[in-house]
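In: sequence and predicted structure below; questions after.
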Amino acid sequence: MDKTIKQIADELGVSKTAVRKQIANLGLRLSLRKTANQFAIDEKQEALIIQAFQRKLQTKPQTKIANQSETVSGLVSDSVSTLVSMLQKELDAKNRQLEEKDRQLEAKDRQINELTAAVKTQAESINATHQTELAGKLIEGQQLIGSEADSAQPKKKGFIFRLFRG
C-alpha cells in the first residue's frame, strides 16, 4: 500500500521537509508517482527512506558525542591555556618582586658594611684617645712619684753648707 510523504514523516516523527530531503538524497524523486497533489511512495521506496533515517539516527549520536568531545577538549584546552597564562603572569610578578627584594637586600648590605666601617673607625679613635689619656696619666703619676721620692729623701747638704754649719 502506498504512503504519502506526510504519513511517513508522522511515522518517523520528523518533518515533511526532512522526508523530502531524504528522498532527494536517495535520488528517488523521479521514481515517485504523483496521485492528485501528493506523491505516492511504495513499500520499497518507504523501506529505503526509513533505512536512511535509521542510519542517520545511528550516526547522529556518535557525531554528537564526537562534537561534544571536541567541544569539551576545546574548552579544556582553552581553560588550560588561560590557567597557564594566568600562572605565567603571576610567576613573572613574583620574579619581579624577588628581583626588587634582592636589590633592597644589596642596598642594606652596603649600609651595614658602611656602618660597620664607621663604628670600627670610631672605636679606633676612642681607643687612641683613651691610650693618649692613659699615657698622660701615667706620665703624671710617674712625675708625682718622682717628686714624692725627692721630698722623702733627705737633701744632701752641700759642701759649703757643711763647712759653715754653725
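Out: Ah, there it is.
In: can you list the helices and strands that whichever strand or helix holds Lys89 packs against?
Out: In this assignment (DSSP states H and E), Lys89 forms part of helix 43-152. If contacts are counted by 3 or more CB pairs under 8 Å, 6 or more residues apart in numbering; DSSP states H and E, helix 43-152 sits against helix 5-12, helix 16-26. Just so you know, the C-beta spots here come from the backbone N, C-alpha and C atoms, and that holds for glycine as well.
In: model confidence over that helix, on average?
Out: When pLDDT is averaged along helix 43-152, the result is 83.
In: now do the residue nearest in space to the middle of the chain against Asn25, distance only.
Out: What sits nearest the mean C-alpha location of the chain, by CA atoms, centre = their mean, is Leu91, with 2.5 Å. Going from Leu91 to Asn25 by CB to CB, to the nearest Å gives 55 Å.
In: same question for Lys6.
Out: Distance from Lys6 to Asn25, by CB to CB: 19 Å.
In: same thing with Gln131?
Out: Using CB to CB, Gln131 is found at 114 Å from Asn25.
In: please apply the same query to Ser147.
Out: According to CB to CB, Ser147 stands 138 Å off from Asn25.
In: stretch 37-45: which residues count as buried?
Out: Phe39, Ile41, Gln45 (16 or more other CB atoms under 10 Å).
In: what's the local residue count around Ala9?
Out: Using other CB atoms under 10 Å, Ala9 has 20 other residues around it.
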